[in-house]
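[1] Requesting a structural model of the entry that follows:
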Amino acid sequence: MAKLFIYCDNQLIDGDLLASAVYKTLKQKINLSAEITFCTEEEIKQINLSERKINSVTDVLSFPSLDLTAGEIVKRRNYPYDVDPESNSVFLGCIIICTQRAKEQAEQFGHSFEREIHYLAVHGLLHLFGYDHENEQDKQVMRELEEQILNALGQIRD
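    Coordinates of the predicted model:
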């Protein structure tokens, strides 16, 4: 089975479990990797300002390294210069999650901090895979995939 390598700066996310759920839902067949970093409100605000010219705190930012189309199956031959030699995986990009915003949203939506962290990681990963929510149709597709992946992770909405 292909593997998703999650480079994460703490243990809030089980990379193997997340990989299994993502691969099952998105039908990916090769090794892929992504980096997830956790930060403060001030840090994500600064990143949001410098990268997107938006001067506000947000919950998650995604920075894809590939230009994927939603639903595309990643093939190594299409991205020969994006293969990490250590893991033999194609690097998808980086996700940055604001832990304070995740705590606030978990309380707001009445679920656990762990579920919110997983939701934000899945949301960020879907952006790396080319999904977006710029219009209602795309938003609905993305939300359905998020719920499928979260259910596979056992992170069921209360």
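[2] For the rest of this, base every contact and every neighbour count on C-alpha atoms.
    Noted.
[3] now stretch 110-129: mean pLDDT?
    Average pLDDT, stretch 110-129: 92.
[4] same deal with stretch 142-154?
    90.
[5] do the same with stretch 84-93
    Rounded mean pLDDT across stretch 84-93 is 87.
[6] which residues touch the longest strand along the chain?
    In the chain, assigned by DSSP state E, the strand with the most residues is strand 89-98. Residues outside strand 89-98 that contact it (C-alpha atoms under 8 Å, 6 or more residues apart in numbering): 4-5, 30-41, 44, 58-66, 76, 79, 82-84, 117, 120-121, 124-125, 128-129.
[7] what about the strand or helix carrying Val22, distance to the chain center?
    Here Val22 sits within helix 15-26, counting by DSSP states H and E. Centre-to-centre, helix 15-26 and its host chain are 11 Å apart (C-alpha atoms, centre = their mean, to the nearest Å).
[8] Which of the contacts of strand 89-98 fall in strands?
    Per DSSP E, the subset of the contacts of strand 89-98 in strands is 4-5, 32-39, 60-64, 83-84.
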